[in-house]
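Student: no sequence on this one, just coordinates:
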């Protein structure tokens, strides 16, 4: 065998040196662009399934681990090694505590499998950090990654526009049925999700990358590069508007402000403040003038009387000759069905209720199915839905958080203050209940509820170290491009922490993958700058 491979020794040696790098480039492309189409069920009845990105990450991490054993990569200067291992150790202790102490996870295979499935997903996310940190050996490598990420953002944006205006297919993970890989089509009021599983995930992803690329427009020297980052940022920002995500838009405004604030040290007060103000004013003007985002802000702030935005309407019907069929099952969520001027034909199933008693994000009163208690099967009965005061005063999604998911997370925290009630235990009504999905819609409460105070401090301590190292290194980074990259990524991390108030953003796979890739790039720049300063 060795004799057969001998003529190809030079090529094999080159592949041995560059395999991880090219797999990393493949991850940058495939993770955001490949839709969440499942390959197989891992846990029967569970919403999270095996996908292409899981296989690619596992393959790359396996090769990285072999390279680590061979000494081709090292974790010697990886500042997050010990903190990540500490968090994983706490996660394991929390899992065993959930089984044997708090007993919030029953002693059955399917419940224990789901518990450790979520633990392994954390390992999967962290693995990308180690892979990318190890592959970055020079500043040129960083630039290669940054420009490729920008190209991928452009492609994600273009596909999102195709969904909104040309009825390109969407693949959602918003419920178990959709997560099977069913092809969906967005209606007029549907929020764009592009290649992501949901609009919230997409919005958080856009917030991070816009915070990185918008400052680069003003920093790069060549006009071709400026136009490139301007085009990428413009497309990404319009897609952010189409997601209609208030939390991510607020996070974007804060993150961009922080990014230009950090640039003061490099470019001066007038340069940074003037450009920051221009970006913020343009962003606010576009948000207030187009789309549904301004209306959502107006409602939650009780400014409904000021809804005078000029709405840019998408195509009202499929293109001529299209064979796309639109039904109630063809939309991202039931609340995305637009209002109709026709009266309901089924008084029981479509009973009208006063507008004042319907949340702002519910366009049609889908009935609640259930038995009347008179021997009639539940499938044949329907009654109008009732909504809580929180849902009516704010919207349905806020009401769910205030009424159920956030209190349940606090219940999990109280079961064991140090270790929480374990992964995937916070949405269960009873201990024996098998839930098909997990969502707290607040990553701080989820961390406290699942892994307790120790897990909370360990995980967000990781994020704190990334921010601290990034800010501390700015004085040593002389090149404006890499200075801006570090400033933008530090600011994007702050934006993600704002997102975490309303979304489980660090558990959303495409967002988590991207964050740990960007964290590796940030800390690799810090390490390269440190080595360069030592040489000087």
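Tutor: Everything's here; your move. Just so it is clear, the structure is predicted and the values come from calculations on it, not from any experiment.
Student: from here on, contacts and neighbour counts on C-alpha atoms
Tutor: Noted.
Student: count of residues packed around residue 108?
Tutor: 10 (other C-alpha atoms under 10 Å).
Student: ditto for residue 163
Tutor: 23.
Student: in what element of secondary structure is the residue lying closest to residue 264 once chain neighbours are set aside found?
Tutor: Nearest residue to residue 264 in three dimensions, chain neighbours excluded: residue 272, at 5.5 Å (C-alpha to C-alpha, 6 or more residues apart in numbering). Assessed by DSSP states H and E, residue 272 sits inside helix 269-289.
Student: let me see the mean pLDDT of that helix.
Tutor: For helix 269-289, mean pLDDT is 93.
Student: how about stretch 434-444?
Tutor: Rounded mean pLDDT across stretch 434-444 is 90.
Student: again with stretch 237-251
Tutor: 93.
Student: got the buried residues for it?
Tutor: For stretch 237-251, the neighbour count (16 or more other C-alpha atoms under 10 Å) marks 237-249, 251 as buried.
Student: centre of the chain to that stretch, how far?
Tutor: Relative to the centre of its chain, stretch 237-251 is centred 12 Å away, using C-alpha atoms, centre = their mean, to the nearest Å.
Student: domains in this protein, by residue range?
Tutor: Split into domains by automatic domain parsing, the chain comes to 2-308+432-535, 330-401.
Student: could you single out the most deeply buried of those domains?
Tutor: Neighbour counts (mean count of other C-alpha atoms under 10 Å) averaged over each of these peak at domain 2-308+432-535, with a mean of 19.
Student: that one: how far from the chain's middle?
Tutor: With C-alpha atoms, centre = their mean, you get 6 Å for domain 2-308+432-535.
Student: confirm residue 76 sits in a helix?
Tutor: No: counting by DSSP: H, G, I helix; E, B strand; the rest coil, residue 76 falls outside a helix, being coil.
Student: from residue 122, how far off is it?
Tutor: Per C-alpha to C-alpha, to the nearest Å, residue 76 is found 22 Å from residue 122.
Student: so what's residue 260 up against?
Tutor: Going by C-alpha atoms under 8 Å, 6 or more residues apart in numbering, residue 260 touches 215, 272-273, 275-276.
Student: ok, these vs residue 488, which is closest?
Tutor: The closest of the contacts of residue 260 to residue 488 turns out to be residue 215 (C-alpha to C-alpha; 7.3 Å).
Student: in terms of pLDDT, where does the closest one sit?
Tutor: Residue 215 carries a pLDDT score of 97 in this model.
Student: one more: residue 16?
Tutor: Taking residue 16 on its own, its pLDDT is 78.
Student: regarding residue 426, what is its secondary structure?
Tutor: With three-state DSSP as the criterion, residue 426 reads coil.
Student: re earlier: so which elements touch the helix holding residue 272?
Tutor: helix 246-262, helix 264-267, helix 293-300 (3 or more C-alpha pairs under 8 Å, 6 or more residues apart in numbering; DSSP states H and E).
Student: how about those in JSON lines, adding distance to residue 179?
Tutor: As requested, the helices and strands packed on helix 269-289 are exported to JSON lines (distance: least, C-alpha to C-alpha, whole Å):
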{"stretch": "helix 246-262", "distance to residue 179": "23"}
{"stretch": "helix 264-267", "distance to residue 179": "45"}
{"stretch": "helix 293-300", "distance to residue 179": "26"}
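Student: of those helices, which is nearest residue 459?
Tutor: Nearest of these to residue 459, taken as C-alpha to C-alpha: helix 246-262 at 20.1 Å.
Student: the residue nearest to residue 422 when sequence neighbours are not counted is in what secondary structure piece?
Tutor: Excluding its sequence neighbours, the residue lying closest to residue 422 (C-alpha to C-alpha, 6+ apart) is residue 450, at 4.4 Å. Assigned by DSSP H and E, residue 450 falls within helix 443-473.
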